[in-house]
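[1] generate coordinates for the sequence data below:
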Amino acid sequence: SNDQIQLIHLTMEGEHGVRKSQPFAIEDVSISDGGVNSTPVLWEDGQTSGFFLFQKLINSYQSEIHVVPEFVVYNGSKKYFIRVRQPKGVDVVIEPGSIAPLRTSSQQPAIISLEWIEFDGMTSPLKVDQLGLRVPIVRRTDGTAIGSVAMQTVVGGLDSRLVVKLGEIRLGSEARRQLTIDSGTTMLDDDFLRVRIQWSELRVTLNEGRPVVGKRKAYLESALDRIASDQGVHNRTGFEAKAGSNKEQTWVEARTARGDSNPDERRDAVCSLIMKQFTIDWQRVFKEDAKPGANRSERERLQSLERSQLSIIIHNIRITDDTPGSRIPLVLDSTTSSNFFDLCIRCKGPLDSELVKVDLFDLNLANTNG
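    Numbering: from 1, shown residues only. Have a look, this model is predicted:
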């Protein structure tokens, strides 16, 4: 259709309270999924409006015209409200996990500053009209740095031309402690902790599952007998010759023969994993400041003092074949003086942050020099 369309925007600007766009036809609107392929809308005086159009096909004879803003801001935080401020614009408060549009035009570029209401933190004004990643510093009103936040401008879709994505704020150690004191969330947030679990022996046994339909019907095979049967090993226990016959039993008959008079209640053990001197140790500490607060740089104040370490040690591992009368009852035994499994992981910073810095990942497996 060549009919002209004109958008009317209600506004507090000007004398009439409305602004009109330049007329356009449906053929002038790009057919796309939105984003950067959208068509810009101009006011009657030729200035950019901050709105964009794209045409979405419904079928061969119908289409939809979508009107979207140039920018929306997405609050990626899981618990903090963010107030978005614009120069000569209206402040917008965005809930966690929600989006809100930005008002932009030729006289009002995409410059925003962010404010966290819960702890009086704000960033300096930033231009977000270029694709890319930014990590601005968050400061209090007195200029003290309390953390940082990741901001990324990416290509939009059906909701806008571009999206400004805000990550979770990363607070420094001092700000985290003060926020914990003010909110009173939990008593263990900033405490030194150590948890150790020790077993002299931890045994994991795999029992044979034998669903019985009828007492005279064969049971499901065990894994070990099945392997032995597939490999043609017929001299294992249970594959003895039938009484009065030179014909060898199959693995099904062998498993049936092992059942007692009441097979519905019996669950034979197939194999066991025995871990001796099994230890799990986790601890969290807070490194003491090397410098007094006044002498610490801004970078040092933003770094977290929290340190965590996870250690898992297994001295000996033994795997046994618990099939009655097995010729090889001991499958694996790590008979060494050193630990068979020794894992140590050390992390710097809080474990609930988006990025966790791992200082050490040390795994010694069957290491005689451990």
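
[2] ok, what's across the strand from Ala21?
    Actually, residue 21 is Ser rather than Ala. Trp43 (DSSP bridges).

[3] same question, Ser311
    Where Ser311 sits in a bridge, its partners, by DSSP bridges, are Asp281, Cys344.

[4] and Arg194, what does it touch?
    281-284 (Cβ atoms under 8 Å, 6 or more residues apart in numbering). Quick note: C-beta positions are derived from backbone N, CA and C, even for glycine.

[5] can you give me the buried ones in the helix or strand that contains His315?
    According to DSSP states H and E, His315 maps onto strand 306-321. Buried residues in strand 306-321, defined by neighbour count with 16 or more other Cβ atoms under 10 Å: 306, 308-309, 311-318, 320-321.

[6] and for stretch 50-67?
    For stretch 50-67, by 16+ other Cβ under 10 Å, it's 50-55, 66.

[7] for it, how far is the first residue from the last?
    With Cα to Cα, to the nearest Å applied, stretch 50-67 spans 10 Å between its terminal residues.

[8] distance between it and the chain's centre?
    35 Å (Cα atoms, centre = their mean, to the nearest Å).

[9] try stretch 153-168
    With Cα atoms, centre = their mean, you get 20 Å for stretch 153-168.

[10] end-to-end on it?
    15 Å.

[11] please apply the same query to stretch 341-358.
    End-to-end for stretch 341-358, by Cα to Cα: 20 Å.

[12] in JSON lines: the buried residues of strand 306-321, plus pLDDT and distance to Leu102.
    Compiled in JSON lines, the buried residues of strand 306-321 are given as follows (pLDDT from 0 to 100; distance: Cβ to Cβ, whole Å):
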{"residue": "Glu306", "pLDDT": "81", "distance to Leu102": "36"}
{"residue": "Ser308", "pLDDT": "91", "distance to Leu102": "39"}
{"residue": "Gln309", "pLDDT": "93", "distance to Leu102": "44"}
{"residue": "Ser311", "pLDDT": "94", "distance to Leu102": "49"}
{"residue": "Ile312", "pLDDT": "94", "distance to Leu102": "49"}
{"residue": "Ile313", "pLDDT": "93", "distance to Leu102": "54"}
{"residue": "Ile314", "pLDDT": "91", "distance to Leu102": "56"}
{"residue": "His315", "pLDDT": "90", "distance to Leu102": "60"}
{"residue": "Asn316", "pLDDT": "90", "distance to Leu102": "63"}
{"residue": "Ile317", "pLDDT": "90", "distance to Leu102": "59"}
{"residue": "Arg318", "pLDDT": "90", "distance to Leu102": "64"}
{"residue": "Thr320", "pLDDT": "90", "distance to Leu102": "67"}
{"residue": "Asp321", "pLDDT": "89", "distance to Leu102": "68"}
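
[13] need these in TSV (columns: distance to Arg194).
    Below are those laid out as TSV (distance: Cβ to Cβ, whole Å):
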residue	distance to Arg194
Glu306	14
Ser308	11
Gln309	9
Ser311	11
Ile312	15
Ile313	15
Ile314	20
His315	21
Asn316	25
Ile317	26
Arg318	29
Thr320	34
Asp321	39
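
[14] the helices in the protein, which residues?
    173-183, 223-230, 251-258, 298-302 (DSSP state H).

[15] how much space between Gly50 and Gln86?
    Gly50 sits 11 Å away from Gln86, going by Cβ to Cβ, to the nearest Å.

[16] could you do Phe286 as well?
    Distance from Phe286 to Gln86, counting by Cβ to Cβ: 39 Å.

[17] show me which of the two is the more surrounded one.
    Gln86 (18 against 14; other Cβ atoms under 10 Å).

[18] so the more buried one makes contact with Arg103?
    Yes. Assessed by Cβ atoms under 8 Å, Gln86 is found in contact with Arg103 at 6.9 Å.
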